[in-house]
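**Student:** Could you look at this predicted model? Sequence included:
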There are 2 protein chains.
Amino acid sequence: MNTFAVKGNLIHAPVFGEIETQIGSLLEVDRDGNISSVISSDDPELIAREKYYRGKRNLFELSDNEFLLPGLIDTHVHAPQWPQLGKALHLPLHDWLQEYTFPLEARYADVGFANQVYSSLVETLIANGTTTALYFGTIHIEATKRLADICLNLGQRALIGKVVMDNPEQCPEYYRDRSTSVGLNETYELIDHISSASGNASKRVLPVLTPRFIPSCTDEMLSGLGKIASETGCHIQTHCSESDWQHRYVIERHGCHDAQSLDSFGLLQPNTVLAHANFINDDDMALISSKSSAVAHCPLSNFYFSNAVLPVRKLIDSAIDLGLGTDISGGFNPSIFNACAMAVTSSRALEEGVDAALPAHERGRRNMRIDFKEAFWMATTGGGRALDLKIGMLRPKYAMDAIVVDTSIEESNLKIWKDLDSSDDVLQKIIHNVHRTNITKVWVQGNQIK
Amino acid sequence: MNTFAVKGNLIHAPVFGEIETQIGSLLEVDRDGNISSVISSDDPELIAREKYYRGKRNLFELSDNEFLLPGLIDTHVHAPQWPQLGKALHLPLHDWLQEYTFPLEARYADVGFANQVYSSLVETLIANGTTTALYFGTIHIEATKRLADICLNLGQRALIGKVVMDNPEQCPEYYRDRSTSVGLNETYELIDHISSASGNASKRVLPVLTPRFIPSCTDEMLSGLGKIASETGCHIQTHCSESDWQHRYVIERHGCHDAQSLDSFGLLQPNTVLAHANFINDDDMALISSKSSAVAHCPLSNFYFSNAVLPVRKLIDSAIDLGLGTDISGGFNPSIFNACAMAVTSSRALEEGVDAALPAHERGRRNMRIDFKEAFWMATTGGGRALDLKIGMLRPKYAMDAIVVDTSIEESNLKIWKDLDSSDDVLQKIIHNVHRTNITKVWVQGNQIK
């Protein structure tokens, strides 16, 4: 790969709650697709470096209406649920799984169907600026390999798991691993497939150990996965204390909360991502924090399936790494910008409360709000930390995973008023009204994929 | 105007909670721009009528991927707040008004600025399928006349009010009516301007009496407006019991709730639209219902400025007419489809509750959820009823206010899977992931304006 540079306005969020905007900077990318330097507009070296790249025809010059942002990181996506996006939102979690989601996921025994759906999904996420996604597949090894191949071909950074679920009491016969050992063996098979895939020397696609959640797994399966985790050091993803039903189920079966149970199986690792975690208590938070595990906050699906809003600020105060997730299709919107907006909105619901019949002081929970800066941090820097990858910031040694947002597209609801909007306002407006048509360029590891 | 017809798939919601889909029907429009008939696909007359319009070259033939829907009705828009969309969302209502909104609204003394902003707003709402909007302007008569002229020129159906606010205790000196009589006289002036405007013979644009809300008006102003209401029969719009602060303010000043106070001034009429109404109690609901007044539900701005979620189902049970509003810029999204999605989402928050620290049975309020069918009814049929206009349904004698949604646009997050999605699923997916680029045609009173 040739080195190249981008000249223009950069916006990112290295520190929780702060936005750093650099007007007219030059960002340089090395041959490995990593950012090598960011030269600010008042640095005397800038002119010479800019001239160098222009001479090589390796300079992207952004207009005043364009902004370079870190690529978005989606830390919770169910790839097979893509056809279900925006429907089947009326049932509680348990019934939704049994009536809609398991029957849909079972279809991925058909690799042709998987190919069609997964291609559509990955293209859509890239078009929406998602440069990295942490994917649940299905129980099907071939379909899940296909998802990995599609991500390799289309250029997205991806962490992908074959779902394991072998508990006959919670998983229907038509959709569960044929046995515990099959589930474990196929997990190894996916690790091998991804590790040895051609075009994956940079490890842009990674395998993930993926027990669906405790209810769908036998203890034997959870132990087996804990063993693979310690052998391989692979990432781990699962659902944690998502809803009243799921949380209570684990208390009844294991006599403790999800976090403690997962830890007892060796599944709380520094590269573990726990989806939702709405019902974790102070002890769970301390445990998750001490293990350096992370949480994927899925604000939109919280409203539909979690029976509560995640108290983001408490998790941040407990030093838990936090990313954002669309939770396709528990959430109905594929954009992580929308997840930012919903993270703010849901935090307001938690702080203000929702029921006007209660007096104001009983209605909500104080000091729970977050703002757009904090949400954008979760969507970028926080997501990178959650996944233990050098992504999410426009800084030297970070991967060149970035997007250009053009705020001057005609057919768009995003309107900037130059006399009225500060650079922070621009970001806030992008979060609230960007559409994929505003996202004009996407790079992953230095490769332009849109 | 020539008669014309649309042949294709029609979706509308004449009954609360029910979606009516007609595949391959022919909808005929008369010379006045009203729907004259809807001929179903199994009616033997259809072929001859279709041939007639094809012969006249006055037939719009939709593909299988296109759907004709009633135009969307936005029952609460602050036109001057358009440049503020998607920002300044961190303050409570009172402080937001004083620090951000009043200074912005004061700028509309400049008619050139108003022209620029209002043109951008009306174009955007039309592009998003909003065929009718109920607008708050500012205190400025010239700017508000300009808004009416723009709606007349661009073809949107609009109900427009010059905001009156004369209470020196609540309105800053730089932004209030110079006196009560000036506020009332300019209200008359707007009525005259709109009633006599050329191109408005069909009354597509209507004047609206617009006391901002009780806190910003003196009792003299409220009485004066009540008098104009009984003289002219004009529509009325105001805010009602929106937040803890606003609701308490009226209790302290008038010793009663907003609804009762407004009624005492003659402002609760059948064509009154009350924005928000989050804090109304059972007596208020009975009063509003008995007066046949309506409520504009603004679910997104509820999260930011209302300290609670409107219990939609209770209002429906009280037979109160209900429309949806974007509440630009208290809400950050200009699309009424998004308002549908947020109406469902916020109803789930109200039903489930938000604080996981509470036991499930104390967390929410039972049976408060609504679904996408009920939300879509509010966005169309309900909005028409709220405004007392024959709009919102694809039925004979209703105005031809309609949109075409194309579900096969490439650059879109809206994906239909023909083998998997029912016609109800299609509508639900449209609500959740439509973008303005999917809205390919818009008619108002039979005129195609997109």
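**Tutor:** Structure received. The model shown is predicted, which means the values in this text are computed figures rather than measured ones.
**Student:** so where's the stretch 301-450 of chain A uncertain?
**Tutor:** Low-confidence segments of the stretch 301-450 of chain A, defined by pLDDT under 70: none present.
**Student:** Secondary structure element for the residue lying closest to residue A:371 once chain neighbours are set aside, which one?
**Tutor:** Closest residue in space to residue A:371, ignoring its immediate chain neighbours: residue B:90 at 5.9 Å, by C-beta to C-beta, 6 or more residues apart in numbering or on different chains. Any C-beta I mention is one placed from the backbone N, CA and C, and that applies to glycine too. Here residue B:90, judged by DSSP states H and E, is contained in no helix and no strand.
**Student:** State whether residue B:90 and residue A:370 are indeed in contact, as I suppose.
**Tutor:** No - under the contact definition of C-beta atoms under 8 Å, residue B:90 does not touch residue A:370, with a separation of 10.2 Å.
**Student:** count of residues packed around the closest residue to residue A:184 other than its chain neighbours?
**Tutor:** The shortest distance from residue A:184 to any non-neighbouring residue, by C-beta to C-beta, 6+ apart, is to residue A:224 (4.5 Å). Counted by other C-beta atoms under 10 Å in any protein chain shown, the residues lying close to residue A:224 total 23.
**Student:** Identify the residues contacting the helix or strand that residue A:224 is a member of?
**Tutor:** In this structure, residue A:224 is located in helix A:219-232 according to DSSP H and E. Helix A:219-232 has contacts (C-beta atoms under 8 Å, 6 or more residues apart in numbering or on different chains) with A:164, A:166-167, A:177, A:180, A:183-184, A:187-188, A:191, A:209, A:211, A:214, A:217, A:234, A:236, A:261-262, A:265-267, A:269.
**Student:** Can you say which of these are buried?
**Tutor:** Buried subset of these (neighbour count, 16 or more other C-beta atoms under 10 Å in any protein chain shown): A:164, A:166-167, A:177, A:180, A:183-184, A:187, A:191, A:209, A:211, A:214, A:217, A:234, A:236, A:261-262, A:265-267, A:269.
**Student:** Show me these that map onto helices.
**Tutor:** Under the assignment DSSP state H, the buried ones among the contacts of helix A:219-232 contribute A:180, A:183, A:184, A:187, A:191, A:261, A:262 to helices.
**Student:** Quick one: those as CSV, columns for pLDDT too.
**Tutor:** Compiled in CSV, these are given as follows (pLDDT from 0 to 100):
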residue, pLDDT
A:180, 98
A:183, 98
A:184, 98
A:187, 98
A:191, 98
A:261, 98
A:262, 98
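**Student:** ok, which pair from these is furthest apart?
**Tutor:** The distance between the two most remote of these (C-beta to C-beta) is 23.8 Å, for A:191 and A:261.
**Student:** related to what we said a few turns ago, quick check: the residue nearest to residue A:371 vs residue B:101, distance?
**Tutor:** Noted for residue B:90: a distance of 13 Å to residue B:101, by C-beta to C-beta, to the nearest Å.
**Student:** Tell me which of the two has more neighbours.
**Tutor:** Set residue B:90 next to residue B:101 and count neighbours by other C-beta under 10 Å: residue B:101 wins out with 21 against 15.
**Student:** Could you tell me how many residues sit around the residue of the stretch 101-250 of chain A at minimum distance from chain B?
**Tutor:** For the stretch 101-250 of chain A, the residue positioned closest to chain B under C-beta to the nearest C-beta is residue A:244, at a distance of 4.9 Å. Using other C-beta under 10 Å, residue A:244 is surrounded by 21 other residues.
**Student:** wait, isn't it in contact with residue A:279?
**Tutor:** Yes - when contacts are counted by C-beta under 8 Å, residue A:244 is listed as touching residue A:279 (7.3 Å).
**Student:** Not counting its neighbours along the chain, what's nearest residue A:319?
**Tutor:** For residue A:319, the closest residue by C-beta to C-beta, 6+ apart turns out to be residue A:289, at 5.1 Å.
**Student:** what helix or strand does residue A:273 sit in?
**Tutor:** Per DSSP H and E, the secondary structure element for residue A:273 is strand A:272-276.
**Student:** Can you name the residues that contact residue A:205?
**Tutor:** A:148, A:151, A:152, A:157, A:158, A:159, A:160, A:194, A:197.
**Student:** Format those as CSV; extra columns: pLDDT.
**Tutor:** Supplementary listing: those in CSV, determined by pLDDT from 0 to 100:
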residue, pLDDT
A:148, 98
A:151, 98
A:152, 98
A:157, 98
A:158, 98
A:159, 98
A:160, 98
A:194, 98
A:197, 96
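**Student:** quick one: which of those residues sit in strands?
**Tutor:** Among the contacts of residue A:205, the subset assigned to strands under DSSP state E consists of A:157, A:158, A:159, A:160.
**Student:** Could you measure from the nearest residue to the second one once chain neighbours are set aside over to residue A:159?
**Tutor:** Yep, that's residue A:158 we're talking about. Here the nearest residue to residue A:158 in space, its sequence neighbours aside, is residue A:151; by C-beta to C-beta, 6+ apart that works out to 3.8 Å. Computed as C-beta to C-beta, the residue A:151 to residue A:159 distance reads 9 Å.
**Student:** Quick one: classify the residue nearest to residue A:71 when sequence neighbours are not counted as helix, strand or coil.
**Tutor:** Once its chain neighbours are removed from consideration, residue A:71 has its nearest residue in residue A:131; the separation is 2.7 Å (C-beta to C-beta, 6+ apart). Three-state call for residue A:131 (DSSP: H, G, I helix; E, B strand; the rest coil): strand.
**Student:** give the contact list for residue A:131.
**Tutor:** A:71, A:72, A:73, A:156, A:157, A:391, A:401, A:402, A:403, A:442, A:443, A:444.
**Student:** Surely the fourth one is in contact with residue A:447?
**Tutor:** Spelled out, that is residue A:156. No - in terms of C-beta under 8 Å, residue A:156 does not count as a neighbour of residue A:447; the distance is 10.1 Å.
**Student:** So which of those two has more stuff around it?
**Tutor:** In this comparison of residue A:156 against residue A:447, neighbours counted by other C-beta under 10 Å, the higher total goes to residue A:156 at 24 against 14.
**Student:** So among the ones in strands among the contacts of residue A:205, which ones count as buried?
**Tutor:** Buried residues within the ones in strands among the contacts of residue A:205, defined by neighbour count using 16+ other C-beta under 10 Å: A:157, A:158, A:159, A:160.
**Student:** Return the closest of those with respect to residue B:379.
**Tutor:** If you rank these by distance to residue B:379 using C-beta to C-beta, residue A:158 comes first, at 37.2 Å.
**Student:** Dig out what that closest one forms beta bridges with.
**Tutor:** Here residue A:158 shows beta-bridge partners residue A:133, residue A:205, assigned using DSSP bridges.
**Student:** residues near the residue nearest to residue A:158, how many?
**Tutor:** When neighbours are counted by other C-beta under 10 Å, residue A:151 registers 29.
**Student:** check contacts around it.
**Tutor:** With contacts taken as C-beta under 8 Å, 6+ apart, residue A:151 has the following neighbours: A:122, A:133, A:157, A:158, A:160, A:204, A:205.
**Student:** Just list the residues touching the residue nearest to residue A:434 when sequence neighbours are not counted, thanks.
**Tutor:** Using C-beta to C-beta, 6+ apart and skipping the chain neighbours, the partner closest in space to residue A:434 is residue A:337 (5.1 Å). Taking C-beta under 8 Å, 6+ apart, we find residue A:337 in contact with A:72, A:128, A:129, A:379, A:430, A:431, A:432, A:434.
**Student:** and residue A:337, how far is that from chain B?
**Tutor:** Note on residue A:337: its distance to chain B, by C-beta to the nearest C-beta, to the nearest Å, is 11 Å.
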